[in-house]
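>>> This is a predicted model, with the sequence first.
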Amino acid sequence: MGKEYREELVGVFGDPVDENPTVVVAQKAFETMGIPYRYLTINVHPEDLKAALEGLKAMNFKGMHLTIPHKVAAIPYLDSISEEASIMGAVNTIVNLNGKLYGENTDGKGFMTSVINAGIEVCEKKVTMLGAGGAARAIAVELARAGIGELVIINRSEERGRGLVETLKNHFPDLTVSYRRWNHTMVIDENTNILVNTTDIGLYPHVDARPDIDFNSIHSRMVVCDVIPNHPHTQLLKEAERRQAKTIDGLGMLINQCVESIRYWTGKTAEAEVMKEALAEEYGIDVYY
Ligand code: NDP
């Protein structure tokens, strides 16, 4: 019997995409799982997206991640998408099901796994969320599906904030959801159980940036979460730790969304801890821990 060289193909389409680190964690996961998968980082210009998606079928890719600027633009070219991705209005994971492309969104699921792994119960809880962009939409939908009691969305642009509130009201009629304008030194409601930053404040290289909130309104009974994946120990999380709040960083979300995508592509569960270590090794422990 000859040796088999063929590998199953997955990867990420983005533009720009050169510095996207997902290949590091995904490839490490496949190696550890002992399965012949190859993760490719592919720059696809927006005008070529349709042809690139057709190419997935022609070359029998198992699936693909989508990142900026394709998460929304790809939807019309897919054969079907999940209900959650449809509510979020964005797809980050494509699965090739026998030549039909199915769209999913694992960002919010990755966030939820981090929260569950930290032992946090979300049912009936009050969540305050900073931001109303793509990450916020993904997280808000999964929190609503998990049965939170109330969601307050604080966003700079009123239009985006109110837009997300309307979407959630339409799909989750039992959820109490409201918009608050982001004022200077915003005070977080005292009865907030979970505070989530979904803005890009603190994203590398602006690692000293901090959201314009009153940090003294954070207290020890709150859980404070951030989505910033690179330099995940953000100023917000440091302020929360100073006030004895429990904190959850964005690194877990990054890894866990990838674990979810790999499960869709392979039917197998990747080891999150090994993936984290791969990132830390690649970039230095102080960046990724
Ligand atoms: P979007 O551009 O869709 O949304 C950005 C949001 O941040 C908007 O609500 C925007 O407000 C707000 N914002 C940006 N700057 C400021 C500021 N100075 N003050 C107040 N609000 C601000 O981006 P995404 O939602 O796609 O990404 C957001 C972050 O989430 C990024 O840092 C990304 O890296 C991270 N992310 C992490 C993931 C993970 O796995 N850990 C997965 C996906 C995303 P406005 O509407 O007013 O412009």
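In hand now; what should we look at?

>>> going forward, measure contacts and count neighbours with C-alpha atoms only.
Will do.

>>> Around the ligand, which positions in this structure sit nearby?
Residues of the chain found near the ligand (CA under 6 Å from any ligand atom) are 107, 131-136, 155-157, 160, 198-201, 203, 227-229, 250-251, 253-254.

>>> Which among those residues count as buried?
By neighbour count, with 16 or more other CA atoms under 10 Å, the residues of the chain next to the ligand hold 107, 131-136, 155, 198-201, 203, 227-229, 250-251, 253-254 as buried.

>>> looking at this, Lys109 is in a helix?
Yes: under DSSP: H, G, I helix; E, B strand; the rest coil, Lys109 falls within a helix.

>>> wait, isn't it in contact with Glu142?
Yes: using CA atoms under 8 Å, Lys109 is in contact with Glu142, at 6.5 Å.

>>> and the residues of the chain next to the ligand, which of them are in strands?
Asn155 (DSSP state E).

>>> does the nearest residue to Asp79 once chain neighbours are set aside count as helix, strand or coil?
On the basis of CA to CA, 6 or more residues apart in numbering, the spatially nearest residue to Asp79 that is not a chain neighbour turns out to be Leu101, at 5.2 Å. Secondary structure, three-state DSSP: Leu101 is strand.

>>> Leu101 reaches Val91, doesn't it?
No: look at Leu101 against Val91 with CA under 8 Å: they stay out of range, at 11.4 Å.

>>> Which one's more surrounded, these two?
Ranked by neighbour count (other CA atoms under 10 Å), Leu101 and Val91 place Val91 first, with 28 against 23.

>>> returning to that earlier point: dump the residue contacts of the residue nearest to Asp79.
Going by CA atoms under 8 Å, 6 or more residues apart in numbering, Leu101 touches Lys57, Leu78, Asp79, Ser80, Ile94, Val95.

>>> out of those residues, who's nearest Gly14?
Of all the contacts of Leu101, Gly14 sits closest to Ile94, with 13.2 Å by CA to CA.

>>> same for the lowest-mean-pLDDT helix or strand in the chain, what does it pack against?
Every helix and strand in the chain was compared by mean pLDDT, DSSP states H and E; the lowest is helix 285-288, with a mean of 80. Packing partners of helix 285-288 (3 or more CA pairs under 8 Å, 6 or more residues apart in numbering; DSSP states H and E): helix 272-283.

>>> now the most centrally placed residue in the chain, nearest residue through space, not along the chain?
In the chain, the residue lying closest to the centroid (CA atoms, centre = their mean) is Asp107, at 2.8 Å. In space, and not counting its chain neighbours, Asp107 is closest to Gln257: 5.2 Å by CA to CA, 6+ apart.
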